[in-house]
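Visitor: structure, please.
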Amino acid sequence: MRGLASDVIFKIVSLFLVVMAVLAMFGKLRMPGQKHLASRRCGSCGRFRIGKGPCACKKNGGPRQ
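Guide: Numbering: from 1, shown residues only. Reported below is the predicted structural model:
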């Protein structure tokens, strides 16, 4: 009977690892709109720009470190 419990645990762990590998493969794919999101970032500080105005780092005199 002792072998049955270890078999079940091994199956659960291996299934978990397979699911994580599949999720990692899908995470590597480029999603549509990825380039558009990258263009919405500020060139100097890297934060997302909201609206059409300049970034907050440009208003305050430079990027913060």
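
Visitor: can you pull out the helices in this structure?
Guide: Remark: helices assigned in the chain by DSSP state H are 2-28, 34-39, 56-59.

Visitor: list the buried residues for the shortest one?
Guide: Of the residues in helix 56-59, those buried by neighbour count under the rule 16 or more other Cβ atoms under 10 Å are residue 57. Just so you know, the C-beta spots here come from the backbone N, C-alpha and C atoms, and that holds for glycine as well.

Visitor: picking that back up, so which of the helices of the chain comes closest to residue 47?
Guide: Of all these, helix 56-59 sits nearest to residue 47, with 7.3 Å by Cβ to Cβ.

Visitor: mind checking pLDDT for the most centrally placed residue in the chain?
Guide: By Cα atoms, centre = their mean, the mean C-alpha position of the chain lies nearest to residue 27, the distance being 7.5 Å. For residue 27, the pLDDT comes out at 78.

Visitor: and what of residue 55?
Guide: The model's pLDDT for residue 55 equals 80.

Visitor: if we can go back for a sec, among the helices of the chain, which is the most enclosed?
Guide: Mean neighbours per residue, mean count of other Cβ atoms under 10 Å, is largest over the helices of the chain for helix 56-59, with a mean of 13.
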